[in-house]
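Enquirer: Curious how this folds, go ahead:
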Amino acid sequence: MQRWLATQANRPFGIDSSLREQKPAQGKVVLVGGGPGDPDLLTVKAVKALRDAEVVVYDGLIDSRIMELVNPLAEMICVAKARSRHTMKQEDINLLLVAKARAGYRVARLKGGDPFVFGRGGEEVEACREAGIPVEVIPGITAALGCAAESLLPLTHRDHASAVTFVAGQCKGLTDQNWQGLAAPGRTLVVYMGVTAAPAIAEKLMADGLPGDTPAAILEGGTRLDGRTFVTRLGALAETIAEHGVRSPALLVVGEVAALAVERPGALAPAVAPYVPENIDLLMPAE
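Expert: From the prediction side, this is the model:
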(Lines give C-alpha, C1' and ligand atoms only; values in the text may rest on other atoms or scores of the structure.)
Protein backbone atom coordinates (compact mmCIF):
# COMPACT_ATOMS: atom_id res chain seq x y z
CA MET A 1 0.00 0.00 0.00
CA GLN A 2 2.74 2.45 0.93
CA ARG A 3 4.57 1.55 -2.26
CA TRP A 4 1.45 2.35 -4.26
CA LEU A 5 1.08 5.72 -2.53
CA ALA A 6 4.70 6.58 -3.23
CA THR A 7 4.29 5.89 -6.96
CA GLN A 8 1.46 8.42 -7.23
CA ALA A 9 3.48 11.49 -6.21
CA ASN A 10 3.66 12.91 -9.74
CA ARG A 11 0.18 11.93 -10.87
CA PRO A 12 -2.88 14.25 -10.80
CA PHE A 13 -4.24 12.33 -7.82
CA GLY A 14 -0.87 12.05 -6.08
CA ILE A 15 -0.28 12.29 -2.36
CA ASP A 16 1.30 15.75 -2.15
CA SER A 17 0.43 19.32 -1.29
CA SER A 18 -0.32 20.23 -4.93
CA LEU A 19 -3.69 18.48 -4.53
CA ARG A 20 -5.00 21.49 -2.66
CA GLU A 21 -4.06 23.81 -5.51
CA GLN A 22 -5.73 21.97 -8.39
CA LYS A 23 -9.14 22.91 -9.66
CA PRO A 24 -11.75 20.42 -8.40
CA ALA A 25 -13.63 18.31 -10.95
CA GLN A 26 -17.32 17.46 -10.59
CA GLY A 27 -16.79 14.54 -8.24
CA LYS A 28 -17.92 14.51 -4.63
CA VAL A 29 -17.36 12.60 -1.39
CA VAL A 30 -20.14 11.10 0.70
CA LEU A 31 -19.34 9.81 4.18
CA VAL A 32 -21.70 6.88 4.72
CA GLY A 33 -22.49 5.59 8.20
CA GLY A 34 -22.54 1.80 7.96
CA GLY A 35 -24.04 1.20 11.39
CA PRO A 36 -22.90 -1.51 13.82
CA GLY A 37 -23.07 -4.38 11.32
CA ASP A 38 -26.57 -5.53 10.43
CA PRO A 39 -27.33 -4.30 6.88
CA ASP A 40 -31.01 -3.89 7.79
CA LEU A 41 -29.97 -0.99 10.05
CA LEU A 42 -28.63 1.07 7.14
CA THR A 43 -30.64 4.12 6.20
CA VAL A 44 -32.33 4.21 2.79
CA LYS A 45 -30.11 7.15 1.89
CA ALA A 46 -26.98 5.16 2.78
CA VAL A 47 -28.00 2.29 0.50
CA LYS A 48 -28.68 4.72 -2.35
CA ALA A 49 -25.24 6.27 -1.90
CA LEU A 50 -23.51 2.88 -1.99
CA ARG A 51 -25.36 1.89 -5.14
CA ASP A 52 -24.52 5.20 -6.81
CA ALA A 53 -20.82 5.30 -5.87
CA GLU A 54 -18.07 4.86 -8.45
CA VAL A 55 -15.38 4.49 -5.77
CA VAL A 56 -15.92 3.00 -2.30
CA VAL A 57 -13.27 3.51 0.38
CA TYR A 58 -14.25 1.25 3.25
CA ASP A 59 -13.19 0.28 6.77
CA GLY A 60 -12.02 -3.20 7.70
CA LEU A 61 -14.88 -3.95 10.11
CA ILE A 62 -17.63 -3.47 7.54
CA ASP A 63 -19.82 -6.57 7.50
CA SER A 64 -19.63 -8.54 4.24
CA ARG A 65 -23.44 -8.39 4.01
CA ILE A 66 -23.25 -4.60 3.68
CA MET A 67 -20.64 -4.86 0.95
CA GLU A 68 -23.09 -6.89 -1.10
CA LEU A 69 -25.17 -3.71 -1.44
CA VAL A 70 -22.34 -1.76 -3.08
CA ASN A 71 -22.39 -0.95 -6.80
CA PRO A 72 -20.64 -4.03 -8.27
CA LEU A 73 -18.86 -1.85 -10.84
CA ALA A 74 -17.36 0.47 -8.23
CA GLU A 75 -13.64 0.53 -7.49
CA MET A 76 -13.26 -0.71 -3.91
CA ILE A 77 -10.35 0.29 -1.70
CA CYS A 78 -9.92 -1.22 1.77
CA VAL A 79 -8.30 1.02 4.39
CA ALA A 80 -8.59 -1.41 7.29
CA LYS A 81 -7.22 -0.32 10.64
CA ALA A 82 -6.19 -2.40 13.63
CA ARG A 83 -4.71 -1.52 17.00
CA SER A 84 -1.14 -2.12 15.80
CA ARG A 85 -1.51 -1.98 12.01
CA HIS A 86 -2.91 0.57 9.59
CA THR A 87 -3.26 -0.29 5.91
CA MET A 88 -3.28 3.45 5.21
CA LYS A 89 -2.65 6.39 7.52
CA GLN A 90 -5.55 8.77 8.12
CA GLU A 91 -3.74 11.60 6.36
CA ASP A 92 -3.36 9.42 3.27
CA ILE A 93 -7.02 8.40 3.40
CA ASN A 94 -7.96 12.08 3.40
CA LEU A 95 -5.79 12.74 0.37
CA LEU A 96 -7.10 9.66 -1.42
CA LEU A 97 -10.68 10.88 -1.03
CA VAL A 98 -9.74 14.28 -2.39
CA ALA A 99 -7.78 12.75 -5.27
CA LYS A 100 -10.60 10.48 -6.40
CA ALA A 101 -13.18 13.26 -6.20
CA ARG A 102 -10.89 15.61 -8.14
CA ALA A 103 -10.67 12.96 -10.84
CA GLY A 104 -14.45 13.32 -11.18
CA TYR A 105 -15.63 10.25 -9.28
CA ARG A 106 -18.55 9.87 -6.90
CA VAL A 107 -16.76 8.60 -3.79
CA ALA A 108 -18.46 6.81 -0.89
CA ARG A 109 -16.39 6.68 2.30
CA LEU A 110 -18.05 3.75 4.06
CA LYS A 111 -17.47 3.81 7.82
CA GLY A 112 -18.69 1.59 10.64
CA GLY A 113 -21.25 3.11 13.01
CA ASP A 114 -21.68 6.85 12.56
CA PRO A 115 -18.97 8.89 10.81
CA PHE A 116 -19.00 11.54 13.55
CA VAL A 117 -18.81 9.22 16.58
CA PHE A 118 -15.19 8.07 16.98
CA GLY A 119 -15.05 7.67 13.20
CA ARG A 120 -12.67 10.49 12.24
CA GLY A 121 -15.37 11.78 9.96
CA GLY A 122 -14.65 15.32 11.07
CA GLU A 123 -11.07 15.08 9.79
CA GLU A 124 -12.22 13.78 6.42
CA VAL A 125 -14.83 16.51 6.06
CA GLU A 126 -12.21 19.15 6.89
CA ALA A 127 -9.85 17.74 4.24
CA CYS A 128 -12.57 17.84 1.59
CA ARG A 129 -13.69 21.35 2.48
CA GLU A 130 -10.12 22.61 2.49
CA ALA A 131 -9.64 21.17 -1.00
CA GLY A 132 -12.91 22.59 -2.29
CA ILE A 133 -14.49 19.17 -2.75
CA PRO A 134 -18.28 18.84 -2.26
CA VAL A 135 -18.85 16.60 0.75
CA GLU A 136 -21.94 15.13 2.40
CA VAL A 137 -22.41 13.07 5.56
CA ILE A 138 -25.04 10.34 5.86
CA PRO A 139 -25.40 9.44 9.54
CA GLY A 140 -25.45 5.85 10.70
CA ILE A 141 -26.63 4.10 13.86
CA THR A 142 -23.66 4.36 16.18
CA ALA A 143 -22.60 1.12 17.89
CA ALA A 144 -23.76 2.21 21.33
CA LEU A 145 -27.35 2.61 20.13
CA GLY A 146 -27.53 -0.40 17.84
CA CYS A 147 -25.81 -2.87 20.16
CA ALA A 148 -27.68 -1.70 23.26
CA ALA A 149 -31.02 -1.99 21.47
CA GLU A 150 -30.26 -5.57 20.42
CA SER A 151 -29.52 -6.48 24.06
CA LEU A 152 -32.61 -4.60 25.31
CA LEU A 153 -30.31 -2.35 27.33
CA PRO A 154 -31.74 1.18 27.73
CA LEU A 155 -28.88 3.65 27.94
CA THR A 156 -31.17 6.05 29.77
CA HIS A 157 -34.02 5.05 32.05
CA ARG A 158 -36.26 7.16 34.27
CA ASP A 159 -35.47 4.98 37.28
CA HIS A 160 -31.74 4.50 36.67
CA ALA A 161 -30.00 7.01 34.38
CA SER A 162 -30.76 10.47 33.03
CA ALA A 163 -27.42 10.99 31.25
CA VAL A 164 -25.12 8.94 29.04
CA THR A 165 -21.50 9.56 28.04
CA PHE A 166 -19.46 8.02 25.22
CA VAL A 167 -15.70 7.72 25.67
CA ALA A 168 -12.86 6.07 23.74
CA GLY A 169 -10.98 3.47 25.75
CA GLN A 170 -8.20 3.06 23.21
CA CYS A 171 -6.32 6.32 23.38
CA LYS A 172 -3.13 7.83 24.66
CA GLY A 173 -2.91 9.12 28.20
CA LEU A 174 -5.85 7.09 29.48
CA THR A 175 -4.69 7.20 33.08
CA ASP A 176 -4.29 10.99 32.95
CA GLN A 177 -7.86 11.67 31.82
CA ASN A 178 -10.44 12.81 34.34
CA TRP A 179 -13.40 10.43 34.27
CA GLN A 180 -14.77 11.34 37.70
CA GLY A 181 -18.55 11.36 37.68
CA LEU A 182 -18.93 9.85 34.19
CA ALA A 183 -20.44 6.65 35.58
CA ALA A 184 -21.81 8.03 38.86
CA PRO A 185 -25.29 7.10 40.10
CA GLY A 186 -27.85 8.24 37.56
CA ARG A 187 -25.36 8.16 34.66
CA THR A 188 -24.34 5.61 32.03
CA LEU A 189 -20.85 5.30 30.62
CA VAL A 190 -20.29 3.62 27.24
CA VAL A 191 -16.69 2.81 26.35
CA TYR A 192 -15.79 2.27 22.71
CA MET A 193 -12.62 0.31 21.82
CA GLY A 194 -12.11 -0.69 25.43
CA VAL A 195 -11.60 -4.46 25.39
CA THR A 196 -7.81 -4.46 25.47
CA ALA A 197 -7.65 -1.69 28.07
CA ALA A 198 -10.52 -3.08 30.18
CA PRO A 199 -8.34 -3.86 33.25
CA ALA A 200 -6.97 -0.31 33.28
CA ILE A 201 -10.42 1.17 32.64
CA ALA A 202 -12.01 -0.72 35.53
CA GLU A 203 -9.13 0.17 37.83
CA LYS A 204 -9.36 3.82 36.82
CA LEU A 205 -13.11 4.04 37.46
CA MET A 206 -12.84 2.34 40.84
CA ALA A 207 -9.90 4.57 41.80
CA ASP A 208 -12.13 7.54 40.96
CA GLY A 209 -14.71 6.30 43.45
CA LEU A 210 -17.04 3.99 41.51
CA PRO A 211 -17.94 0.87 43.57
CA GLY A 212 -16.65 -2.44 42.26
CA ASP A 213 -20.18 -3.91 42.35
CA THR A 214 -21.46 -1.35 39.81
CA PRO A 215 -23.26 -3.24 37.00
CA ALA A 216 -21.36 -3.56 33.74
CA ALA A 217 -22.24 -5.10 30.38
CA ILE A 218 -20.06 -6.29 27.53
CA LEU A 219 -21.62 -6.03 24.06
CA GLU A 220 -19.48 -7.99 21.62
CA GLY A 221 -20.14 -7.89 17.87
CA GLY A 222 -23.53 -6.30 18.37
CA THR A 223 -26.07 -6.83 15.51
CA ARG A 224 -23.65 -9.25 13.82
CA LEU A 225 -24.35 -12.95 13.39
CA ASP A 226 -21.90 -13.89 16.14
CA GLY A 227 -22.84 -11.17 18.64
CA ARG A 228 -22.74 -11.89 22.39
CA THR A 229 -23.74 -10.00 25.54
CA PHE A 230 -22.43 -10.56 29.06
CA VAL A 231 -23.61 -8.89 32.28
CA THR A 232 -21.11 -8.57 35.10
CA ARG A 233 -19.79 -6.10 37.70
CA LEU A 234 -17.15 -3.46 37.28
CA GLY A 235 -14.74 -5.26 39.60
CA ALA A 236 -15.06 -8.46 37.52
CA LEU A 237 -15.03 -6.77 34.11
CA ALA A 238 -11.53 -7.81 33.04
CA GLU A 239 -12.04 -11.34 34.40
CA THR A 240 -15.30 -11.76 32.46
CA ILE A 241 -13.67 -10.58 29.23
CA ALA A 242 -10.81 -13.05 29.67
CA GLU A 243 -13.11 -15.92 30.68
CA HIS A 244 -15.26 -15.63 27.57
CA GLY A 245 -12.53 -14.65 25.12
CA VAL A 246 -14.23 -11.38 24.21
CA ARG A 247 -12.73 -9.67 21.18
CA SER A 248 -13.26 -6.46 19.27
CA PRO A 249 -15.50 -4.94 18.13
CA ALA A 250 -17.08 -4.72 21.55
CA LEU A 251 -18.53 -2.04 23.82
CA LEU A 252 -18.38 -1.74 27.59
CA VAL A 253 -21.40 -0.27 29.37
CA VAL A 254 -21.04 0.77 33.01
CA GLY A 255 -23.92 1.95 35.20
CA GLU A 256 -27.16 0.76 36.74
CA VAL A 257 -28.83 0.21 33.35
CA ALA A 258 -26.23 -2.44 32.47
CA ALA A 259 -28.01 -4.85 34.83
CA LEU A 260 -31.07 -4.66 32.55
CA ALA A 261 -29.28 -6.13 29.54
CA VAL A 262 -30.38 -9.54 28.28
CA GLU A 263 -27.40 -11.88 28.18
CA ARG A 264 -26.62 -13.58 24.89
CA PRO A 265 -23.67 -15.85 25.69
CA GLY A 266 -23.97 -17.94 22.53
CA ALA A 267 -21.10 -19.98 21.18
CA LEU A 268 -17.78 -18.47 20.25
CA ALA A 269 -18.47 -18.45 16.52
CA PRO A 270 -16.08 -17.26 13.83
CA ALA A 271 -16.52 -13.55 13.29
CA VAL A 272 -18.42 -12.45 10.20
CA ALA A 273 -15.58 -11.68 7.84
CA PRO A 274 -15.27 -8.11 6.60
CA TYR A 275 -15.30 -7.73 2.86
CA VAL A 276 -11.76 -7.78 1.49
CA PRO A 277 -11.09 -8.22 -2.25
CA GLU A 278 -8.93 -11.21 -3.17
CA ASN A 279 -6.27 -8.89 -4.53
CA ILE A 280 -6.47 -5.32 -3.28
CA ASP A 281 -3.58 -4.25 -5.53
CA LEU A 282 -5.62 -5.03 -8.63
CA LEU A 283 -8.18 -2.45 -7.55
CA MET A 284 -5.61 0.34 -7.24
CA PRO A 285 -5.13 2.87 -10.04
CA ALA A 286 -2.75 1.63 -12.70
CA GLU A 287 0.72 3.16 -12.67
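
Enquirer: does residue 76 count as helix, strand or coil?
Expert: strand (DSSP: H, G, I helix; E, B strand; the rest coil).

Enquirer: To clarify, my last question referred to residue 127.
Expert: Applying three-state DSSP: residue 127 is helix.

Enquirer: list the contacts for it?
Expert: Residues in contact with residue 127 (Cβ atoms under 8 Å, 6 or more residues apart in numbering) are 94-95, 97-98. For every residue, glycine as well, the C-beta is placed using N, CA and C.

Enquirer: quick check, nearest of these to residue 241?
Expert: When the contacts of residue 127 are ranked by distance to residue 241 (Cβ to Cβ), residue 94 comes first, at 33.7 Å.

Enquirer: Residue 125 is in contact with that closest one, correct?
Expert: No - Residue 94 lies out of contact with residue 125 (Cβ atoms under 8 Å); the separation is 9.6 Å.

Enquirer: What is the burial count for the closest residue to residue 193 other than its chain neighbours?
Expert: Setting aside the residues directly before and after it, residue 193 is nearest to residue 170 in space (Cβ to Cβ, 6 or more residues apart in numbering), at 3.7 Å. By other Cβ atoms under 10 Å, 16 other residues sit near residue 170.

Enquirer: Could you do residue 134 as well?
Expert: 13.

Enquirer: wait, it sits on residue 97?
Expert: No - if you go by Cβ under 8 Å, residue 134 and residue 97 don't touch, sitting 11.6 Å apart.

Enquirer: what is in contact with these two at once?
Expert: By Cβ under 8 Å, 6+ apart, the residues touching both residue 134 and residue 97 are 29, 128.

Enquirer: one step back: could you tell me which of the contacts of residue 127 count as buried?
Expert: Neighbour counting with 16 or more other Cβ atoms under 10 Å marks 94-95, 97-98 as buried within those.

Enquirer: Which single one of the residues you listed is nearest to residue 227?
Expert: Comparing the buried ones among the contacts of residue 127 against residue 227 with Cβ to Cβ picks out residue 97 as the nearest, at 30.6 Å.

Enquirer: All set, thanks.
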